[in-house]
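Engineer: Return atomic coordinates for the entry below.
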Amino acid sequence: MDQREQIQSMSDREVLLHLYVTQLLLLVASALIGAFLLDWTTVRQMWRFDFREVVLYGGGGALFVLALDFLMMRYLPESWYDDGGINEKLFQTRSFPHLIWLCAFIAFSEEWLFRGVLQTHFGLFVASAIFALLHVRYLTKWFLFSMVVLISFFLGYLYDVTGSLWVTIFAHFLIDFVLAVHIRLDYLRKASGKMR
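Structural biologist: You can find the predicted model right below:
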């Protein structure tokens with residue numbers, strides 16, 4: 001059974017459960033590993049909040065990634081973006097409030113671990129490599145895997161420049177949320193076309 005068949009055979013509830021369990025494991029890992037590797041001063045610094053920085057670097061960085069991504073979606077073969085159906089299964093039937101919650105939860109848990117804990121202690125390269133490997137479903141899809149690696153390095157760079165997790169969390173959230181809304185709207189458009 002290939003990945004697409006496996007994803008499609010899972011119920012909506014199973015897909016959500018897998019997502020929530022994975023993200024909760026990342027949060028637990030962040031807390032446990034962070035407790036051993038980071039001191040209180042470092043933790044306080046990474047969680048400082050500067051609204052202008054979050055909007056400028058986080059929002060601006062996300063807009064840059066999204067503009068590039070939508071441009072590539074327009075001109076590159078659709079097959080290059082085929083992730084086996086996981087993103088469609090996750091996002092196409094969710095309400096907009098649920099999409100906001102999911103994308104915020106994912107951004108928070110992943111950025112805390114990969115940028116906050118791993119990058120702070122081991123550096124940009126190690127954190128980005130582990131982040132990319134976490135997206136194991138893309139390992140056989142060279143284009144999607146390359147995109148994940150580049151976005152991971154870009155988010156890591158934003159963290160290096162600002163030292164603020166809120167910047168990378170906001171950027172990660174915006175990227176995921178806009179793409180999730182795109183999937184949801186595409187699904188609604190196709191569904192309304194079938195009803196005519």
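Engineer: so where do the helices sit in this protein?
Structural biologist: In the chain, the helices defined using DSSP state H lie at 3-9, 12-37, 40-46, 51-53, 60-75, 86-91, 96-111, 120-122, 124-134, 142-162, 165-195.
Engineer: Check which helices and strands the first one sits against.
Structural biologist: Read that as helix 3-9. In terms of contacts (3 or more Cβ pairs under 8 Å, 6 or more residues apart in numbering; DSSP states H and E), helix 3-9 is packed against helix 86-91. In this view, the C-beta of every residue, glycine as well, is placed from N, C-alpha and C.
Engineer: Could you give the average pLDDT over the helix it packs on?
Structural biologist: Averaging pLDDT along helix 86-91 gives 88.
Engineer: So L144 sits against I86, correct?
Structural biologist: No: if you go by Cβ atoms under 8 Å, L144 and I86 don't touch, sitting 10.7 Å apart.
Engineer: picking up where we left off before, any chance of the helices of the chain in TSV, with mean neighbour count too?
Structural biologist: Compiled in TSV, the helices of the chain are given as follows (neighbours: other Cβ atoms under 10 Å):
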stretch	mean neighbour count
helix 3-9	13
helix 12-37	14
helix 40-46	13
helix 51-53	11
helix 60-75	14
helix 86-91	20
helix 96-111	18
helix 120-122	16
helix 124-134	18
helix 142-162	18
helix 165-195	18
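Engineer: Check the offset of the helix or strand bottoming out on mean pLDDT in the chain from the chain's centre.
Structural biologist: Every helix and strand of the chain was ranked by mean pLDDT, DSSP states H and E. The lowest is helix 3-9, at a mean of 70. Per Cα atoms, centre = their mean, to the nearest Å, the displacement of helix 3-9 from the mean C-alpha position of its chain is 21 Å.
Engineer: for stretch 6-17, same thing?
Structural biologist: 19 Å.
Engineer: go on, stretch 13-21?
Structural biologist: 16 Å.
Engineer: which outside residues touch stretch 149-166?
Structural biologist: Stretch 149-166 is contacted from outside by 45-50, 53-54, 57-58, 61, 65, 111-112, 114-116, 119, 124, 127-128, 131-132, 167-168, 171-172, 175, using Cβ atoms under 8 Å, 6 or more residues apart in numbering.
Engineer: burial count for P77?
Structural biologist: Residues lying near P77 (other Cβ atoms under 10 Å) number 8.
Engineer: gap between it and R137?
Structural biologist: Shown here: P77 relative to R137, a distance of 19 Å by Cβ to Cβ, to the nearest Å.
Engineer: shaky segments in the protein?
Structural biologist: Applying pLDDT under 70 to the chain picks out residues 1-4, 195-196.
Engineer: same thing but 90
Structural biologist: 1-15, 78-89, 128-129, 131-142, 144-146, 148-149, 188-196 (pLDDT under 90).
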